[in-house]
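[1] When you get a sec, could you give me coordinates for this:
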Amino acid sequence: MASALSRSTTSRVTADFNHLKNIRGPTGVYRSPARKRNPLAAKPLDAHPKDRIKWWNIVPGDRVRLVRGPYKDSNRIVEVLSINKYRNIAMFKDLSYPKKKNDPDAPAMPVQAHYSNLQLYMGKRSSHQNPTLTLGVFATRIHMTNPRYDIRQQRWMWDRYAAATSPILPGLQGEGGRRRRVTLSEAESIPWPEIPRKQYPPANLHDTSKNAVNTVTWKPMPPNVNPLTREILPPDVSATSVNFEETYIQALLQNRLSNLSPSLPMEIYLHEELSNPHSRAKKQKRWQVRMKAKEEERSEMIRKEMLDLRGRKRAVARREAIFRWNAKMKHDGKEARYRRWVQRGGLERTSKRSIRKARKGERRLRRLRNLVLQVGTKNQVVPGVETKTN
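    Presented below is the predicted three-dimensional model:
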């Protein structure tokens with residue numbers, strides 16, 4: 001939870017809504033009754049999940065002014081450095097808390113302000129009363145379009161508009177120069193700050209040059225040419241229908257690779273053998289084949305029972321077929337598990353364990369046969385020898 005509270009981001013896009021989750025776990029309490037009994041108890045730093053802002057219209061890179069709080073200044077415009085979506089606060093560039101007197105070397109901490117204490121700066125506009133005068137305009141109310149998810153960029157996208165400004169723009173004025181409620185088409189669009197491009201360090205001797213990356217190092221054979229014999233295939237036969245892998249293996253075993261160009265990569269012949277058989281797609285395909293075979297077997301058993309009812313109703317015959325099919329599936333599952341157990345070396349380990357147990361029993365019997373008891377020793381009795389009792 002502490003890492004989530006201190007997790008501020010400089011990203012200007014909304015990719016997910018993880019900040020709306022309960023970071024205190026399923027048993028977390030945000031409105032603890034203990035606070036009612038003890039007003040001096042520590043107040044949680046994170047906002048309640050239902051109080052957190054979902055759609056942020058003020059993002060890093062925007063220029064704003066603080067209208068409330070200890071650092072409010074209507075004439076000072078600051079740039080948003082980062083935001084913390086768990087606490088609904090923003091941090092600013094070139095605006096930091098004063099350093100402590102007892103620790104002047106400590107790094108400066110940026111000022112934090114709540115989202116509701118900010119007004120978005122829209123730029124300078126000409127005053128409608130005095131066209132020669134330019135004033136800074138701030139958005140006091142922001143509307144937004146319906147968000148849409150961009151699959152290619154993997155983020156949510158929407159447009160923001162100024163529904164109310166300070167000072168009031170001419171298009172947003174009503175009767176008597178007062179502010180009026182406007183529609184989305186009448187509001188002025190506010191562009192998003194540009195996303196800075198990632199700066200890469202200059203290339204050095206350890207980096208691959210651009211020319212080396214763009215150089216073509218593999219030129220496969222044309223699709224109508226057999227890469228083993230270099231013969232042109234007939235028009236009705238494609239290279240994909242020829243089993244080059246089996247042909248290559250047989251030629252390799254029979255030492256008939258004289259016609260093969262050594263510059264051709266091996267992967268074009270052994271792509272199936274060298275590919276990963278445990279990929280998700282291949283495992284899913286094998287599972288689908290097994291499920292299809294089971295379903296076909298189930299349908300076949302039901303069909304056979306329906307052809308030979310023997311005085312039973314069709315529903316009864318169907319239930320009996322399904323019962324036998326389930327029993328067969330359980331039996332086949334046990335056999336498959338046993339085969340996998342044997343393939344993993346379970347049978348060999350069991351036999352070794354039995355042999356070790358037998359040797360251990362033989363050693364125990366040998367020690368008992370070779371045991372010699374001394375007559376007259378306490379806590380020992382030799383059979384067949386009478387002992388005197390006091």
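[2] Wasn't E296 part of a helix?
    Yes. The assignment for E296 by DSSP: H, G, I helix; E, B strand; the rest coil puts it in a helix.
[3] In terms of pLDDT, where does it sit?
    Residue-level confidence at E296 comes out at 96, pLDDT.
[4] Spatially nearest residue to E194 (excluding sequence neighbours)?
    Once its chain neighbours are removed from consideration, E194 has its nearest residue in G61; the separation is 7.4 Å (Cβ to Cβ, 6 or more residues apart in numbering). All C-beta spots, glycine's among them, are computed from the backbone N, C-alpha and C.
[5] okay but that neighbour is in contact with E79, surely?
    Yes. Under the criterion of Cβ atoms under 8 Å, G61 makes contact with E79 at 7.0 Å.
[6] And the residue nearest to E194, how far from M122?
    With the distance defined as Cβ to Cβ, to the nearest Å, G61 ends up 14 Å from M122.
[7] Between the two, tell me which one has more neighbours.
    Under the criterion of other Cβ atoms under 10 Å, the comparison of G61 against M122 puts M122 first, with 19 against 16.
[8] which stretches of the stretch 101-250 of the chain form strands?
    Across the stretch 101-250 of the chain, reading from the start of the chain, the strands by DSSP state E, counting those that start in this stretch fall at 110-114, 118-126, 134-144, 148-150, 155-157, 160-166, 188-190.
[9] on contacts alone, who are the packing partners of the host helix or strand of F323?
    When elements are defined using DSSP states H and E, F323 is found to belong to helix 314-343. Counting by 3 or more Cβ pairs under 8 Å, 6 or more residues apart in numbering; DSSP states H and E, the packing neighbours recorded for helix 314-343 are helix 280-307.
[10] The same query, at a cut-off of 10 Å, please.
    Contacts of helix 314-343 with other secondary structure elements, assessed using 3 or more Cβ pairs under 10 Å, 6 or more residues apart in numbering; DSSP states H and E, are made with helix 280-307, helix 346-369.
[11] Show me the contact partners of the last one.
    Outside helix 346-369, the residues that touch it by Cβ atoms under 10 Å, 6 or more residues apart in numbering are Y338, R340, W341, V342, G345.
[12] Now list the buried members of the residues you listed.
    The neighbour-count criterion (16 or more other Cβ atoms under 10 Å) marks none of those as buried.
[13] Of those residues, which is the nearest to D159?
    Closest approach to D159 among the contacts of helix 346-369 (Cβ to Cβ): R340, at 57.5 Å.
[14] Now do the closest one, the pLDDT please.
    At R340, the pLDDT recorded in the model is 94.
[15] nearest to R286, of the contacts of helix 346-369?
    Nearest to R286 among the contacts of helix 346-369, counting by Cβ to Cβ, is R340 at 14.4 Å.
[16] quick one: that closest one and Y200, what's the gap?
    For R340, the distance to Y200 equals 50 Å [Cβ to Cβ].
[17] Repeat that for T145.
    Looking at T145 against Y200, where the rule is Cβ to Cβ, the gap reads 34 Å.
[18] Next: M329.
    Relative to Y200, M329 is positioned 57 Å away (Cβ to Cβ).
[19] Between the two, which has more neighbouring residues?
    Taking neighbours as other Cβ under 10 Å, M329 and Y200 compare with M329 leading, 13 against 7.
[20] And for the more buried one, nearest residue in space, chain neighbours not counted?
    In space, M329 comes closest to K294 once its chain neighbours are excluded; the distance is 6.9 Å by Cβ to Cβ, 6+ apart.
[21] can you tell me which residues contact that neighbour?
    For K294, the residues meeting the contact criterion (Cβ under 10 Å, 6+ apart) are W325, K328, M329, D332.
[22] which of the residues you listed count as buried?
    With neighbours counted using 16+ other Cβ under 10 Å, the contacts of K294 contain these buried positions: W325.
[23] and the contacts of K294, which two are the farthest apart?
    Those two in those that are separated most widely, counting by Cβ to Cβ, are W325 and D332, at 10.4 Å.
[24] shared neighbours of these two, anything?
    For the pair W325 and D332, residues contacting each of them under the criterion Cβ under 10 Å, 6+ apart are K294, E297.
[25] Please tell me I have it right and the residue nearest to E194 contacts L120.
    No. In this structure, G61 is not within contact of L120 by Cβ atoms under 10 Å, at 11.4 Å.
[26] overlap in contacts of the two?
    Jointly contacting G61 and L120 under the rule Cβ under 10 Å, 6+ apart are V80.
[27] OK, contacts around M144?
    Each residue near M144 by Cβ under 10 Å, 6+ apart is listed here: W55, N57, W158, D159, R160, Y161, A163, L184, I190.
[28] Buried members of these into ChimeraX, please.
    Restricted to the buried members of those, where burial is judged by 16+ other Cβ under 10 Å, the ChimeraX selection command reads as follows:
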select :57,160,161,163,190
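[29] what would the contacts of M144 look like in CSV with pLDDT and distance to P107?
    Converted to CSV, the contacts of M144 look like this (pLDDT from 0 to 100; distance: Cβ to Cβ, whole Å):
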residue, pLDDT, distance to P107
W55, 93, 32
N57, 93, 30
W158, 94, 36
D159, 93, 37
R160, 93, 33
Y161, 89, 38
A163, 85, 39
L184, 68, 43
I190, 90, 33
